[in-house]
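>>> Give me a model of this one.
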Amino acid sequence: MTTSSGTASRVIAARVLDAVLHRGRSLKGEFAKALPTLDDPRDRALVEAICFAALRERTRYAAALDAWLAKPLGARDNPVRALLYVGFAQVDAMDLPAHAAVDATVEAARALGRLHQAGMVNALLRRALREGLPKADPARNWPDWLLAEVRADWPARTDAILDASAAAAPLWLRANRRATTRDAYRERLREAGIDATVDDVLSDALRLADSMAVADLPGFVDGQVSVQDGSAQAVADALAPPSGARVLDACAAPGGKAAHLLERDPSLRLIALDVDARRLRRTEETLRRVGADGHVVLKAVDASDLATWWDGTPLDAVLIDAPCSATGIVRRQPDILLHRKPADIDALVDTQAQLLDALWPVLVPGGVLVYATCSILRRENAGQVEAFLARTPDAVAEPLDERFGHADGPGRQRLPGEGGMDGFFYARLRKRMS
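Below you'll find the model as predicted:
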């Protein structure tokens with residue numbers, strides 16, 4: 001039997017969701033395996049959109065199934081549960097044409113070997129169309145322990161954080177100064193029928209209201225543009241190394257920040273490290289695409305193990321884009337709320353402290369270290385830096401301005417959705433002169 005591309009897309013979306021929801025798999029990892037099996041970029045974009053919508057709304061969809069099914073679906077029915085979420089996402093959050101969405105999803109049930117449940121899928125999707133689904137409550141997506149921490153850290157802003165984290169993110173682009181200008185690239189987008197806005201604060205950034213396939217971006221393959229959220233682009237402004245500086249990017253993968261620094265100043269002597277060799281290869285690919293691969297030394301090592309990479313010559317600037325809870329980018333990685341555990345945060349806080357302590361000695365007196373995370377948890381951010389300053393007499397925090405978000409202890413915190421950006425923390429530390 002021949003499967004249409006529409007049916008195949010729903011089958012793949014259901015398999016991705018089943019792995020993420022029921023087997024603890026990473027959404028990014030499942031996409032990496034599944035999306036290349038679809039030839040048409042429009043089908044790949046549809047799968048991504050369905051999965052994001054279904055994960056953002058999963059508690060609503062679970063509530064609908066609990067209310068509408070006389071007998072709950074068991075573990076053996078996890079694939080069809082995932083497929084129902086696929087269907088609900090199409091007729092609810094995505095508002096796709098009902099006839100096509102229902103028919104393709106019912107056909108996907110058959111393609112998944114669930115012929116005996118195709119009628120149930122059809123009936124439930126049509127009921128969703130008639131009656132609608134339960135009202136959204138973004139708080140229900142967050143595990144209790146993590147929600148309590150967010151409420152404690154940001155009591156006046158919790159609702160806004162939850163709402164922004166449940167919304168679809170815009171597509172942020174970074175024009176490559178080595179190949180074009182932001183204004184020239186914006187005109188190229190306009191000629192392609194793509195509307196983009198610019199940001200007064202971020203000199204290389206453009207923002208698209210609607211997502212699109214990266215491969216469809218004019219000049220992407222040629223390195224004229226990269227995809228990078230505005231908050232991540234601001235890291236280059238926080239670091240602002242002098243021309244020709246020796247710079248360390250300690251946790252470099254997948255390479256966006258290293259590429260941005262070199263696009264701005266090819267004279268930098270950059271060392272890019274990452275403990276994950278596979279992800280460091282992605283960094284190398286990124287740098288090659290934007291024409292910056294000849295200006296950097298890459299090593300797959302643990303940055304805190306100085307003996308594996310440092311030659312003893314002090315560096316002018318260090319960037320620690322630290323491993324973190326990623327609670328500021330839930331809108332881009334909704335599976336974070338499924339997989340994160342309290343012990344994970346404890347381990348991450350320890351790792352962050354180890355990186356700060358290990359890398360401070362490599363800085364030249366007068367040098368600058370920027371500590372950044374995509375977290376909104378204070379113990380990973382302001383609290384982490386305050387503790388470091390307390391135990392490091394020659395470290396002093398330099399103030400960053402309101403471009404980087406709310407003042408929070410020795411740094412700045414942008415919360416999810418503010419300025420259309422992801423949640424991000426920045427602290428700029430200078431080593432005192434001897």
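
>>> got a list of what the nearest residue to Pro266 once chain neighbours are set aside touches?
Take Pro266 and drop its neighbours on the chain: the residue closest to it by CB to CB, 6 or more residues apart in numbering is His295, 5.5 Å away. Backbone N, C-alpha and C define where each C-beta goes, glycine included. Applying CB atoms under 8 Å, 6 or more residues apart in numbering, we find His295 in contact with Leu262, Pro266, Leu268, Arg269, Leu270.

>>> What is the burial count for the third one?
Neighbouring residues of Leu268 were enumerated by other CB atoms under 10 Å; the total is 21.

>>> Residue ranges of each domain in the chain, please.
For the chain, automatic domain parsing gives the domain ranges 5-136, 171-227, 231-431.

>>> And the second one, end to end?
Using CA to CA, to the nearest Å, the gap from the first to the last residue of domain 171-227 comes to 7 Å.

>>> Wait, Met421 touches Arg414, no?
Yes - using CB atoms under 8 Å, Met421 is in contact with Arg414, at 5.9 Å.

>>> who's more crowded, the two?
Taking neighbours as other CB under 10 Å, Met421 and Arg414 compare with Met421 leading, 27 against 24.

>>> OK, contacts around the more buried one?
Met421 makes contact with Trp172, Asp229, Gly230, Ser231, Ala234, Arg414 under the criterion CB under 8 Å, 6+ apart.

>>> Report the contact partners of the fourth one.
Under the criterion of CB under 8 Å, 6+ apart, the contact list for Ser231 reads Gly328, Cys374, Arg414, Met421, Asp422, Gly423, Phe424.

>>> State the distance from the first one to Asp408.
This means Gly328. According to CB to CB, to the nearest Å, Gly328 and Asp408 sit 13 Å apart.

>>> which neighbours do those two share?
Phe425.

>>> Compare the contacts of Ser231 and tell me which is most surrounded.
Comparing the contacts of Ser231 by number of neighbours (other CB under 10 Å), Gly328 comes first, having 32 neighbours.

>>> so who does the closest residue to that residue other than its chain neighbours touch?
Distances taken as CB to CB, 6+ apart put Gly423 closest to Gly328, at 2.3 Å, once the chain neighbours are dropped. For Gly423, the contacting residues are Ile161, Ser231, Thr327, Gly328, Ile329, Cys374, Ser375, Ile376, Gln413, Arg414, Leu415, Pro416, by CB under 8 Å, 6+ apart.

>>> The fifth one against Asp422, yeah?
If I follow you right, that is Ile329. Yes - between Ile329 and Asp422 there is a contact under CB under 8 Å: 4.8 Å.

>>> Between the two, which contacts overlap?
The overlap between the contact sets of Ile329 and Asp422 (CB under 8 Å, 6+ apart) consists of Asp229, Cys374, Pro416.

>>> from the contacts of His295, which ones fall inside strands?
Of the contacts of His295, the ones assigned to strands by DSSP state E are Arg269, Leu270.

>>> Now list the buried members of the contacts of His295.
Leu262, Leu268, Leu270 (16 or more other CB atoms under 10 Å).

>>> what's the helix or strand for Ile161?
Element membership for Ile161, per DSSP states H and E: helix 158-165.

>>> How about Val301?
For Val301, there is no host helix or strand (DSSP H and E).

>>> Can you tell me the closest non-neighbouring residue to it?
Leaving aside its sequence neighbours, Val301 sits nearest to Thr308 (CB to CB, 6+ apart; 4.2 Å).

>>> cool, and Asp335?
Spatial nearest neighbour of Asp335, chain neighbours left out: Leu27 (4.3 Å); criterion: CB to CB, 6+ apart.

>>> I figured that neighbour hits Val16, correct?
Yes - under the criterion of CB under 8 Å, Leu27 makes contact with Val16 at 7.2 Å.

>>> The two: which has the busier surroundings?
Val16 (26 against 23).

>>> what about the more buried one, which SS state?
Look at Val16: counting by DSSP: H, G, I helix; E, B strand; the rest coil, its state is helix.

>>> what's the answer for Tyr371, then?
Here Tyr371 takes the strand state, with states given by three-state DSSP.

>>> Tell me what it is bridged to.
On the basis of DSSP bridges, Tyr371 is bridged to Ile320, Ala427.

>>> ok, back up a step: now the contacts of Met421 as TSV including secondary structure and distance to Leu315?
As requested, the contacts of Met421 are exported to TSV (DSSP: H, G, I helix; E, B strand; the rest coil; distance: CB to CB, whole Å):
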residue	secondary structure	distance to Leu315
Trp172	strand	29
Asp229	coil	26
Gly230	helix	27
Ser231	helix	25
Ala234	helix	21
Arg414	strand	27
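
>>> so Leu248 is in which element?
Applying DSSP H and E as the criterion places Leu248 in strand 246-249.

>>> Run through who's touching that strand.
Residues from elsewhere that reach strand 246-249 (CB under 8 Å, 6+ apart): 239, 241, 257-258, 261, 268-273, 303, 313-319, 321, 359, 362.

>>> need the strands for the chain, in chain order.
171-175, 197-198, 205-208, 225-227, 246-249, 269-273, 296-299, 315-321, 363-373, 395-398, 406-408, 411-414, 424-431.

>>> thinking again about what came up before, overlap in contacts of Met421 and Arg414?
Residues touching both Met421 and Arg414 (CB under 8 Å, 6+ apart): Ser231, Ala234.

>>> ok, now how distant is Leu69 from Arg23?
When Leu69 is compared with Arg23 (using CB to CB), they lie 22 Å apart.

>>> which one of those two has more residues nearby?
Using other CB under 10 Å, the more surrounded residue of Leu69 and Arg23 is Leu69, with 13 against 9.
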